[in-house]
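Asks: starting from these lines, generate the structure:
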Amino acid sequence: MRAGIGARESKLNYFAHALPLLRDPDRTEYALAGIAVPDWLGVAAKRTKCRTRHAEPYLQHADTRLSEFAWGVARHHADDQWFHESAAFAQLSLDFARRLREAFADADGMRPWFLGHILVELLLDASLIAREPSLLDEYYEQVATVDAAFVEQTVEQMTGRPAGDLAWFIGKYVEIRFLADYADDHRLLHRLNQVMKRVTLPEIPLEFLELLPGMRDAVDAATDALTLRPA
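Replies: Now for the predicted structure:
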């Protein structure tokens, strides 16, 4: 069965990963694919992980599609590390978890912790898209030019593992454009509840919509700190 769009793929901040590449004329659509593929695999082939060690042998490959793709994979993991270790991310995710725990009296803490983490990521994407909305169109236009079958084959070559329905998923990813949903509270709640179902956590109630404006404001205020890559 093919994985559903809008579930696990709503977990991570695709646009924040991609934005520096969109601003860099030397980076190609295959770098964009590489920086997204660790998260794409979380849907298309969740037992297959594309790590930096898989990409490193290809960084100087004569085929620029391969070298750009490998660069994107390595950049994804480097960015994930500094982002999740940043003080701004830690403070916001803990604050959001506290707000959610108090609002919904979640005794075990798993749903507030999980939501606190992913809300920072999704709302950061929403904030960055609002600043430069034309770049969202450019992002999807560039990803649409990628040879999805080549990407699937490259992942299998790099990792030695199956890439599942990755080529199909890339097409659906471009078609549905779910990153645009992050700007709308109701559509974001719908995406989040798809994630909740997939990870077998309780559905988020409609009352959550009362918390979202304050959370958006907090992420908007912290966007520069959240995206400040260490020197």
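Asks: Thr223: how many residues sit nearby?
Replies: Thr223 is surrounded by 18 other residues when neighbours are defined as other C-beta atoms under 10 Å. The C-beta positions use only the backbone N, C-alpha and C, and glycine is treated the same way.
Asks: same question but for Phe104, I mixed them up
Replies: Burial measure for Phe104: 17 neighbouring residues, criterion other C-beta under 10 Å.
Asks: relative to Arg161, how far out is it?
Replies: 38 Å (C-beta to C-beta, to the nearest Å).
Asks: what's the answer for Asp184, then?
Replies: 37 Å.
Asks: the residue of the chain most remote from its centre: what secondary structure?
Replies: Distance from the centre of the chain peaks at Ala62, with 28.9 Å (C-alpha atoms, centre = their mean). The local conformation at Ala62, judged by DSSP: H, G, I helix; E, B strand; the rest coil, is coil.
Asks: tell me how far it lies from Leu119.
Replies: The gap separating Ala62 from Leu119 is 43 Å, by C-beta to C-beta.
Asks: what's the answer for Asp181, then?
Replies: Computed with C-beta to C-beta, the distance linking Asp181 and Leu119 is 14 Å.
Asks: would you mind telling me which of the two has more residues around it?
Replies: Leu119 (25 against 18).
Asks: surely that one is in contact with Met215?
Replies: Yes. Under the criterion of C-beta atoms under 8 Å, Leu119 is in contact with Met215, at a separation of 6.1 Å.
Asks: who touches both of the two?
Replies: With contacts defined as C-beta atoms under 8 Å, 6 or more residues apart in numbering, the residues shared by Leu119 and Met215 are Phe96.
Asks: quick one: distance of the least confident helix or strand in the chain by mean pLDDT to the chain centre.
Replies: Comparing helices and strands within the chain by mean pLDDT, DSSP states H and E singles out helix 185-198 as the least confident, with a mean of 92. With C-alpha atoms, centre = their mean, to the nearest Å as the basis, helix 185-198 stands 15 Å off its chain's centre.
Asks: buried stuff in that helix?
Replies: Residues of helix 185-198 classed as buried by neighbour count (16 or more other C-beta atoms under 10 Å): 188-189, 191-196, 198.
Asks: now swap in stretch 114-132 and tell me
Replies: The neighbour-count criterion (16+ other C-beta under 10 Å) identifies 114-129 as the buried residues of stretch 114-132.
Asks: repeat for stretch 221-229
Replies: When neighbours are counted by 16+ other C-beta under 10 Å, the buried residues of stretch 221-229 are found to be 222-223, 226-227.
Asks: now the residues you listed in a markdown table, with secondary structure?
Replies: Formatted as a markdown table, the entries for the buried residues of stretch 221-229 read as follows, by three-state DSSP:
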| residue | secondary structure |
| --- | --- |
| Ala222 | helix |
| Thr223 | helix |
| Leu226 | helix |
| Thr227 | coil |
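Asks: ok, which pair from those residues is furthest apart?
Replies: Of all pairs drawn from the buried residues of stretch 221-229, the one with the largest separation by C-beta to C-beta is Ala222 and Thr227; the distance is 9.3 Å.
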